[in-house]
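Chemist: return atomic coordinates for the entry below.
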Amino acid sequence: MKDKTISQAGESTCAPLPPCHILVVEDEPNIRALNTGVLINSGYDVDAAEDGAAAWEALGTDSYDLMITDNKMPRLTGVELLKKLYANRMALPVIMATGELPTEEFTRYPWLQPAAMLLKPYTIEELLGTVKKVLREADGADDGSQLFKYRDVKDNKMSPAGKPSGAPRQLPTDTPRRILVVDDDNDTRQLSVDVLAGSGYDVDAVMDGAAGWEALQDISYDLTITDNKMPRMTGLEMIEQLRSARMTLPVIMATGHLPMDEFARKPWLKPDATLQRPFSNDDLLEAVKKVLRPDDSPREHSTSN
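Modeler: Residues are numbered from 1 along each chain as shown. I've put the predicted structure just below:
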């Protein structure tokens, strides 16, 4: 349940008025109340949510200038909340204020790193100083190409369905292009699916090359996006199966380490495009649009899921 609070009069770092709108996400009631009160007394307009799931609901109905979130919370953690923001291309600056920073997650997915981090216990001065710094950087940023480049989130407000109202929702074809995502990492696979589906594509996903090859034999796709290093069958081995079967399916290889030596030895295995991680949502969508030229008609689907 989201707790609605109204700011008291006071000086704000945002100009002009109304004051900056901040969402505090914290499952511990005392800390949530303390942070909310401190921010209100400093002139901010503050909402409070008791966990990540409640925060996600709030983000679907209101627009915010900043979110301050804990990490370990019931229903939806802070990291999971960041992933949802990323998947839905919401340019909201985030401060993670938690007792144990998820450094392993941020190392694995560096694009998820928030604008700033606070390790509990932190002081009121540290909280307010970090808030002012992040809002000042957000106000001065002029590059909105990546998730956490800080443009006004009010221009990217989410619909109740959970998609940004300004995002493209349908391709200029009667039948959406069908894409197969092949990746053994659950989080990366889901992020790709969410981004592509949110841009109007018809998306299926499988967890490795062997499952991908099975799907490609049963269903007609317009494009496949594949990782390389996966159990049972690598992305390169799947491409080799496609070439051997004379299947003219466009392929984008999106992976952490591109097999350039293999491409040099076997140039016929080169995919239509490559993406090296970490890459942004815009990078992914641009690569897809480039490979799927708008004047190409979508394929006939031989079957459906």
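Chemist: distance of Leu135 relative to Asp70?
Modeler: Counting by CB to CB, to the nearest Å, the gap from Leu135 to Asp70 is 20 Å. (Each C-beta comes from the backbone N, C-alpha and C, glycine too.)
Chemist: same question, Arg177
Modeler: For Arg177, the distance to Asp70 - CB to CB - is 39 Å.
Chemist: who are the contact partners of Leu236?
Modeler: Contact analysis of Leu236 by CB atoms under 8 Å, 6 or more residues apart in numbering lists Asn228, Pro259, Glu262, Leu269.
Chemist: out of those residues, who's the most crowded?
Modeler: Using other CB atoms under 10 Å as the neighbour test, those are led by Asn228, with 23 neighbours.
Chemist: report the contact partners of it.
Modeler: Neighbour list for Asn228: Thr234, Gly235, Leu236, Met253, Thr255, His257, Leu258, Pro259 [criterion: CB under 8 Å, 6+ apart].
Chemist: how about it, secondary structure?
Modeler: coil (DSSP: H, G, I helix; E, B strand; the rest coil).
Chemist: now do Met73
Modeler: coil.
Chemist: that one touches Val25, doesn't it?
Modeler: Yes. Judged on CB atoms under 8 Å, Met73 makes contact with Val25 at a distance of 7.3 Å.
Chemist: and these two? which has more neighbours close in?
Modeler: Applying other CB under 10 Å to Met73 and Val25 shows that Val25 carries more neighbours, namely 31 against 23.
Chemist: what about the stretch 151-300 of the chain, any weak spots by pLDDT?
Modeler: 151-174, 294-300 (pLDDT under 70).
Chemist: now do the strands in it.
Modeler: Along the stretch 151-300 of the chain, the segments classed as strands by DSSP state E, counting those that start in this stretch run 178-182, 202-206, 223-226, 251-255, 273-276.
Chemist: just name the most buried of those strands.
Modeler: Stretch with highest mean neighbour count among the strands of the stretch 151-300 of the chain: strand 223-226 (a mean of 26; mean count of other CB atoms under 10 Å).
Chemist: how about residues contacting that one?
Modeler: Contacts of strand 223-226 (CB under 8 Å, 6+ apart): 177-183, 192, 209, 212, 216, 235, 238-239, 249-255, 271, 284, 288, 291-292.
Chemist: could you list the paired strands of it along with their orientation?
Modeler: strand 178-182 (parallel), strand 251-255 (parallel) (DSSP bridges).
Chemist: which of these sits closest to Pro278?
Modeler: Taking CB to CB, strand 251-255 is the member of those nearest to Pro278, at 10.4 Å.
Chemist: and that closest one, C-alpha only, in CSV?
Modeler: Listed next in CSV are the C-alpha coordinates belonging to strand 251-255 (Å, rounded to 0.1, in the frame of the first residue of the first chain):
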residue,chain,number,x,y,z
VAL,A,251,20.7,-13.5,-36.5
ILE,A,252,21.9,-11.0,-34.0
MET,A,253,24.5,-12.3,-31.6
ALA,A,254,24.3,-10.4,-28.2
THR,A,255,27.0,-11.7,-25.8
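Chemist: can you list the neighbours in contact with it?
Modeler: So strand 251-255 is contacted by 183, 192, 223-229, 235, 239, 242, 271-277, 279, 284, 287-288, 291 (CB under 8 Å, 6+ apart).
Chemist: export the strands paired with strand 223-226 to CSV and append columns for distance to Trp111.
Modeler: Formatted as CSV, the entries for those read as follows, by distance: least, CB to CB, whole Å:
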stretch, distance to Trp111
strand 178-182, 17
strand 251-255, 13
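Chemist: for Leu81, find the nearest of these.
Modeler: Here strand 178-182 is closest among the strands paired with strand 223-226 (CB to CB), at 22.3 Å.
Chemist: the closest one: how far from the chain's middle?
Modeler: How far strand 178-182 lies from its chain's middle: 18 Å, per CA atoms, centre = their mean, to the nearest Å.
Chemist: now swap in stretch 20-32 and tell me
Modeler: Its chain's C-alpha centre and that of stretch 20-32 lie 22 Å apart, by CA atoms, centre = their mean.
Chemist: so how far does it reach from one end to the other?
Modeler: Taking CA to CA, to the nearest Å, stretch 20-32 runs 18 Å from one end to the other.
Chemist: what mean pLDDT would you report for that stretch?
Modeler: What stretch 20-32 shows for mean pLDDT is 95.
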